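[1] Build me a structure from this.
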Amino acid sequence: RPRIMASILKVDDLRGNTAAGNITITSEGGSATMQLQQGVAKQWAKTNSAGTSIEDSNNTSSLTDNGAGDQTITMTNAMSNALYAVSIANQTQNSCELFLRSSATATTTTVFRTGAYTDSAYSDCQIGSMAQGDLA
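    Residues are numbered from 1 along each chain as shown. Sure, this is the predicted structure:
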């Protein structure tokens, strides 16, 4: 019976053996595999309630406030196409509703609308956003 030893792997660069961008991982049950880079969020951001600043992020270069509850996130590194998936979440303690006006308007920008809806007005909410897909 083989002896299993715990170890720590310390690397600065992780590349596939057959192709640099092809790293396969095995599922918890051991019967399925997937490419590691496919399961990694390519962009995420935590933005303030006014839509004027980024509190924390990865692969996010700027945030544009287009008006109350209407924001555009610009990514540092572009996606390979405009068909990537975007998700947003309310990160405030109030009754904000979140709306994706357009999940992928371009390879470098995502536009979303947030707010507590009352009649035709939207108010800003604190949100978290994430994009998953293929980087260019």
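
[2] Which stretches in the chain count as strands?
    24-26, 33-35, 43-47, 54-58, 60-67, 70-75, 85-90, 97-102, 109-115, 127-132 (DSSP state E).

[3] Make CSV out of those and add distance to residue 9.
    (Each C-beta comes from the backbone N, C-alpha and C, glycine too.) CSV is the format used below for these (distance: least, C-beta to C-beta, whole Å):
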stretch, distance to residue 9
strand 24-26, 13
strand 33-35, 18
strand 43-47, 24
strand 54-58, 22
strand 60-67, 28
strand 70-75, 29
strand 85-90, 29
strand 97-102, 38
strand 109-115, 33
strand 127-132, 25
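
[4] To residue 17, which of these lies closest?
    Residue 17 sits nearest to strand 24-26 of all the strands of the chain, at 9.6 Å, using C-beta to C-beta.

[5] Other residues contacting the closest one?
    For strand 24-26, contacts defined as C-beta atoms under 8 Å, 6 or more residues apart in numbering pick out 16, 32-36, 39.

[6] change it to 6 Å
    33, 36 (C-beta atoms under 6 Å, 6 or more residues apart in numbering).

[7] now stretch 78-91
    96, 98, 103-104, 106-108, 110, 112, 125-134, 136.
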